[in-house]
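Trainee: fold the following.
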Amino acid sequence: MALPVIANENNATTAAKSRSADSAASRVLPSHRVPKTPGAPASKPPKATRTAGPSTKPSTTRPSAKKPQTTTPTPSVPTVPTVDSDEAGPAVAGPCSGVVIKPSDDAQSIINAKPAGTTFCFAAGVHRIAQTLRPKADQVLASADRAVLSGSVPLTGWAKSSANWVVRGALPAAYGMSGQCEDNKANVCYLREQVFVDGTHLTRVASASAVSDGSFYADYAANAIYVGSNPAGHAVEMSKTATAIESGATGVVVRGLTIEHFASAPQAGALVSGPGWKVTANDVRWNHAVGVMLVKANNTKVDKNLIHHNGQLGLGQYSSAAASVTRNVISSNNTDGFWIADWESGGIKSTRSSGTVSGNVIKANLGIGMWADVADDGRVISSNQIVGNAADGIRFEISRNGTIENNTVSGNGFGTGRGSGTSLWDGGGININTSSGVTVSGNKVSGNVNGITIQSRTRGTGPWGTYLLRDIRVSGNTIEMTSGTQATGMVQNSGSPIPAGEVVFSGNKYVLDALGAQRFAMAGTKLTAAGWRDAGLDTVGSFLAN
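Mentor: Coordinates of the predicted model:
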């Protein structure tokens, strides 16, 4: 059974902002021709920029109060690979040679009958998965024909009911609530069954009277589903099976499959990887909770997948060492209304794990782009394009030994909803929260709700003792803050003050609307560029009026 990504150890922030994530992403992303699904954002390629970097040598003495420079060489901007449907997903799966599984076959029976190491090739078409597929060690589950694994069942026998249409008998028994919803009054995000009409995802509402075109209501007590449009002549489906593929066996390969419409519980995955797996070139979409979940999945590789429009989170990693997440497009996740600001919704969430997240496009997710939280140790986040996510672009929280480098982080933190805010307590493009041994370097951070936010909070203890903000190095980044209340700086609560010298800003380039603008802050005091330097912060950095 899948374990949760996070044990909910103190919600850290309340940061949901006020602009469409999809809109922000569409202005700056490379071409991404995903399959035609509702809500997929359009996108355009960014313009390449060639620049040269300044010295990043930190200063150990307090500077004189001279006016900041207005011109300076520009630090290098990382080159982020373009990943689109021609470079990720089933289009790059390659051939498959092995035991053929047809849509009419009982896939698990065929898998059970063959030994470890067998390759299975799923033929073209929709394979309705009524029970979770559990591969043996080193087996390959693949398709060269864009086979679809679906966890849904057709809904038939509709009858008119007042202004709506109703079908009965398809729902499971009522079950308890888990997770936290953006709408914490209706609290319906945890309900797992989704309804699709001709492949279009309907929005769940909390009562039959609220049903309209494009929405549905599930009455578990009466075992009835209501929709607002006449379903006659349309294919109506309900997600029912919880998980497509899950096994503790080692060395499994999952390649070239489309995995959709699975009724996964909050914090559980449609595809749940074991140790040493290779999850490559799949399209994982429109599942209720997490698209791809790594649970005790040491040394697993997740590469070149399209992971999008899942109900809660694109990818989760729990208690998995040395996992590699590379060259994926992780976009438009949290379709089912989980809390945007602070409950495991959005792009990627990792807990008690290590490994590399590199070369991905993480865009337009209704939540945090990349979140390392609760005892991650040795996490590398590098060369990703993290754009237009509704909360922080990157959040590194109560973890240690992190490297955040050469990422492009833009347009994040402008979602709307519960817990919205624009202060440094609410996050930013990159947010370091009560962590230790973190290096932030070579990133391009622009147009986020805030630039780089350093937070020191009272967060209790973890596997290596009390969580503290210590040994943070921020150098060689380009940080653009030219509008709104954008700022870069540090905040602390009374129980967790930041000791002198534990946070070093050095050799960054700041692009501001004006040198006199108060775009910096230290422990509640707003500062101009000159004040930031006078406080002993970034004495070798450069400041440019835009």
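Trainee: okay, now the closest residue to Gly462 other than its chain neighbours: neighbour count?
Mentor: Nearest non-adjacent residue to Gly462, counting by CB to CB, 6 or more residues apart in numbering: Ala375, 4.9 Å away. All C-beta spots, glycine's among them, are computed from the backbone N, C-alpha and C. Other residues within reach of Ala375, judged by other CB atoms under 10 Å, total 20.
Trainee: just say helix, strand or coil for Ala375.
Mentor: Put simply, Ala375 is coil when judged by DSSP: H, G, I helix; E, B strand; the rest coil.
Trainee: that one and Asn448: what is the separation?
Mentor: Between Ala375 and Asn448 the computed distance is 26 Å (CB to CB, to the nearest Å).
Trainee: what do you get for Ser358?
Mentor: Distance, Ser358 to Asn448, using CB to CB: 21 Å.
Trainee: neighbour-wise, which of those two wins?
Mentor: Taking neighbours as other CB under 10 Å, Ser358 and Asn448 compare with Asn448 leading, 32 against 18.
Trainee: could you list the low-confidence segments of this protein?
Mentor: Where the chain drops to pLDDT under 70, the residues are 1-84.
Trainee: quick one, helices of it?
Mentor: Under the criterion DSSP state H, helices of the chain are mapped to 21-28, 107-113, 529-534.
Trainee: for the second one, which positions count as buried?
Mentor: It stands for helix 107-113. Of the residues in helix 107-113, those buried under the neighbour-count criterion (16 or more other CB atoms under 10 Å) are Ala107, Gln108, Ile110, Ile111.
Trainee: helices or strands up against that helix?
Mentor: strand 99-101, strand 119-122 (3 or more CB pairs under 8 Å, 6 or more residues apart in numbering; DSSP states H and E).
Trainee: packing partners of the last one?
Mentor: Yep, that's strand 119-122 we're talking about. Counting by 3+ CB pairs under 8 Å, 6+ apart, strand 119-122 packs on strand 99-101, helix 107-113, strand 140-142.
Trainee: paired strands for it, with orientation please.
Mentor: Using DSSP bridges, the strands paired with strand 119-122 are strand 99-101 (parallel), strand 140-142 (parallel).
Trainee: who's in contact with Trp340?
Mentor: No Trp there; residue 340 is Ile. Contacts for Ile340 were tallied using CB atoms under 8 Å, 6 or more residues apart in numbering; they are 16, 182, 334, 346, 366-367, 390-391, 415-419.
Trainee: ok, the residues you listed vs Thr250, which is closest?
Mentor: In terms of CB to CB, no member of those lies closer to Thr250 than Gly346, at 29.6 Å.
Trainee: count of residues packed around the spatially closest residue to the closest one that is not a sequence neighbour?
Mentor: Nearest in space to Gly346, with sequence neighbours left out and distances taken as CB to CB, 6+ apart, is Gly367 at 2.3 Å. Neighbour count for Gly367, taken as other CB under 10 Å: 31.
Trainee: Gly367 reaches Gly393, doesn't it?
Mentor: No - using CB atoms under 8 Å, Gly367 is not in contact with Gly393; the gap is 11.1 Å.
Trainee: on that earlier part again, quick one, which of the helices and strands packed on strand 119-122 is nearest to Asp283?
Mentor: With CB to CB as the measure, strand 140-142 is the member of the helices and strands packed on strand 119-122 nearest Asp283 (13.2 Å).
Trainee: residues contacting that closest one, please?
Mentor: The contact list for strand 140-142 (CB under 8 Å, 6+ apart) reads 93, 96, 98, 111, 118-122, 133, 135, 245, 252-257.
Trainee: same deal with stretch 371-382?
Mentor: When contacts are taken as CB under 8 Å, 6+ apart, the neighbours of stretch 371-382 outside the stretch itself are 6-7, 9, 12, 344, 346-359, 370, 392, 394-407, 462-464.
Trainee: no more questions from me, cheers.
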